[in-house]
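J.: no sequence for this one, just the structure:
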């Protein structure tokens, strides 16, 4: 049996809101620097590369493959119409097939939590708003999931017309895809105060059910931020980010990198116990959320990254970075 995939998410640039580009400093040079650290220092063997722009996704994915990492491509044209999403999936499939033909280990994730990231699935004008309203709009989930399954059917057809490798999807816990369409079951799983009592049992049931049908299960997202109390609200830990114009975080937040590190290790233990086939920490870095010593301006507190990004494009490891390296047998500098 193959060892589980040891992966991490890599954000090459997603526009989550009109004025928020998650990676404004992306370059091929910085991506290669990061991938070398991911492989050699963290000990990861794969990355989930996400981007809103198809060209940037192609560049970031190729760099990862050339640096010796397995690559899963995930187009993220958030809050864009379905035709734009389908075009992005087709472009990603073309990129993935070129890399596969060249010998890279590559897969395609056709979307991320599309009931939130695609307009018209659930009420709300933006991804963030739809996510915030989910506790209110949950009675609409059966309808949203029916829409999701129809959309995924179209996306998978688009993907398979162009790409001969494995296809998956990044499903939120409230989503019910038809996994018969996919080669790999892909889920985003955040343990927090609301679901901790059933988190492991629910995941074990999913893994056992899908393994019985011959499908591997990957966790494409899990993680939390590095402030006190973030583990109890992991799926919404970034919700502390606010401010009009220039973003801010509450001055009351207390940095706690150990809490983030412990959370990742605890979930990796859970994933090992239930037999998950691959895990991707969310995430390596969130370059738009930079570290600062100025009260209220330390945006890294709202970042899920295992490194703290700086305004000049450099980064420094957090405790979570070292915890992952220890877990995966990496060699931090």
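T.: Nice, thanks for sending it over. Computed from a predicted model, the values in this text were never measured in an experiment.

J.: show me where the stretch 201-333 of the chain has strands.
T.: With strands called from DSSP state E, counting those that start in this stretch, the stretch 201-333 of the chain shows them at 217-221, 278-281, 307-309, 315-317.

J.: export those to JSON lines and tack on distance to residue 228 and mean pLDDT?
T.: Bear in mind the C-beta positions are built from the backbone N, C-alpha and C, glycine included. Output for those, formatted as JSON lines (distance: least, C-beta to C-beta, whole Å; pLDDT from 0 to 100):
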{"stretch": "strand 217-221", "distance to residue 228": "22", "mean pLDDT": "99"}
{"stretch": "strand 278-281", "distance to residue 228": "20", "mean pLDDT": "99"}
{"stretch": "strand 307-309", "distance to residue 228": "16", "mean pLDDT": "98"}
{"stretch": "strand 315-317", "distance to residue 228": "20", "mean pLDDT": "98"}
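
J.: the ones you listed into JSON lines, with extra columns for distance to residue 272 and mean neighbour count?
T.: Formatted as JSON lines, these follow (distance: least, C-beta to C-beta, whole Å; neighbours: other C-beta atoms under 10 Å):
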{"stretch": "strand 217-221", "distance to residue 272": "11", "mean neighbour count": "26"}
{"stretch": "strand 278-281", "distance to residue 272": "9", "mean neighbour count": "26"}
{"stretch": "strand 307-309", "distance to residue 272": "24", "mean neighbour count": "24"}
{"stretch": "strand 315-317", "distance to residue 272": "23", "mean neighbour count": "18"}
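
J.: what about residue 269, neighbour count?
T.: Neighbourhood size, residue 269 [other C-beta atoms under 10 Å]: 12.

J.: roughly how far apart are it and residue 94?
T.: Going from residue 269 to residue 94 by C-beta to C-beta, to the nearest Å gives 39 Å.

J.: helices of the stretch 51-200 of the chain, start to end?
T.: Counting by DSSP state H, counting those that start in this stretch, one finds helices in the stretch 51-200 of the chain at the ranges 54-66, 82-101, 114-117, 127-132, 134-137, 141-160, 199-212.

J.: highest mean neighbour count out of these?
T.: Compared across the helices of the stretch 51-200 of the chain, helix 114-117 shows the largest average neighbour count, a mean of 24 (mean count of other C-beta atoms under 10 Å).

J.: packing partners for that helix?
T.: On a contact count with 3 or more C-beta pairs under 8 Å, 6 or more residues apart in numbering; DSSP states H and E, helix 114-117 meets helix 127-132, helix 141-160.

J.: contact partners of the last one?
T.: With C-beta atoms under 8 Å, 6 or more residues apart in numbering as the contact definition, helix 141-160 has outside contacts at 82, 85-86, 89-90, 92-93, 108, 110-111, 114-115, 118, 120-122, 167, 169, 174-178, 181-182.

J.: what about 6 Å?
T.: 86, 89-90, 93, 108, 110, 114-115, 121-122, 167, 174, 176-178, 181 (C-beta atoms under 6 Å, 6 or more residues apart in numbering).

J.: what angle separates it from helix 82-101?
T.: Following axes from the mean of the first three to the mean of the last three C-alpha atoms, to 10 degrees, one obtains 40 degrees for the angle between helix 141-160 and helix 82-101.

J.: please produce a markdown table containing the strands of the stretch 201-333 of the chain, extended by distance to residue 14.
T.: Shown next, in a markdown table, are the strands of the stretch 201-333 of the chain (distance: least, C-beta to C-beta, whole Å):
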| stretch | distance to residue 14 |
| --- | --- |
| strand 217-221 | 13 |
| strand 278-281 | 15 |
| strand 307-309 | 15 |
| strand 315-317 | 18 |
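
J.: and these: which comes nearest residue 104?
T.: Among those, strand 278-281 comes nearest to residue 104, with 16.4 Å by C-beta to C-beta.

J.: outside of that closest one, which residues touch it?
T.: Contacts of strand 278-281 (C-beta under 6 Å, 6+ apart): 4, 5, 7, 8, 9, 48, 218, 219, 220, 223, 271.
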